[in-house]
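>>> Coordinates for the following, if possible.
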Amino acid sequence: MVSKSTPAESQPKEAPCACGSKAKSHDCCGRFLSGEAIPQTAEQLMRSRYCAFVHCNEAYLLSTWHPEKRPSRVSFDDKQRWLGLSIRSSDSGGPDDSKGVVEFVARYKVDGKGYRLHEVSQFEKVENRWYYLHGEHL
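The predicted structure follows:
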């Protein structure tokens with residue numbers, strides 16, 4: 001569930017990426033959300049999926065969900081506002097790996113009240129593409 005906001009494709013290319021990398025949006029996750037490039041690591045996929053939630057990009061979220069675990073749709077909450085992403089750790093998930101794990105904390109607000117989503121996410125590479133498998137909430 002996330003807030004509606006402007007799609008990544010219409011965000012200024014010079015704007016900082018929502019994933020918190022300090023890189024420009026177009027040079028970071030924007031290129032993945034636009035289909036210009038594909039994530040080469042599990043962490044890049046994790047960051048780009050966070051941005052897809054920020055920008056309510058259901059198509060990207062569904063396309064990066066593992067085919068065996070993919071839901072039929074993603075729901076967004078108009079009241080939810082994403083505030084930031086912090087990557088706690090990454091294990092494997094590099095360009096030459098087939099599996100990876102990323103622990104993260106995503107902060108958000110609903111009706112002015114702050115929340116944290118702390119998750120350990122599992123990723124798998126299938127035919128040279130990373131996919132989100134599932135996550136364990138901590």
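>>> Would you mind measuring from the most centrally placed residue in the chain to Asp111?
With distances taken as C-alpha atoms, centre = their mean, the residue of the chain nearest its centroid is Arg49 (1.7 Å). For Arg49, the distance to Asp111 equals 24 Å [C-beta to C-beta, to the nearest Å]. Glycine gets a C-beta too; all of them are placed from N, C-alpha and C.
>>> follow-up on the earlier one: from the contact counts, what lies against the helix or strand hosting the residue nearest to the centre of the chain?
Following DSSP states H and E, one finds Arg49 within helix 42-54. Other helices and strands packing on helix 42-54, by 3 or more C-beta pairs under 8 Å, 6 or more residues apart in numbering; DSSP states H and E, are helix 30-33, helix 58-63, strand 80-92, strand 99-110, strand 113-126, strand 129-137.
>>> The nearest residue to Glu14 once chain neighbours are set aside: how many residues sit nearby?
In this structure, Glu14 finds its nearest non-sequential neighbour in Lys24, 5.6 Å apart by C-beta to C-beta, 6 or more residues apart in numbering. Counted by other C-beta atoms under 10 Å, the residues lying close to Lys24 total 15.
>>> Ok, the one 3 residues further on next?
Taking other C-beta under 10 Å as the criterion, the count of residues near Asp27 is 12.
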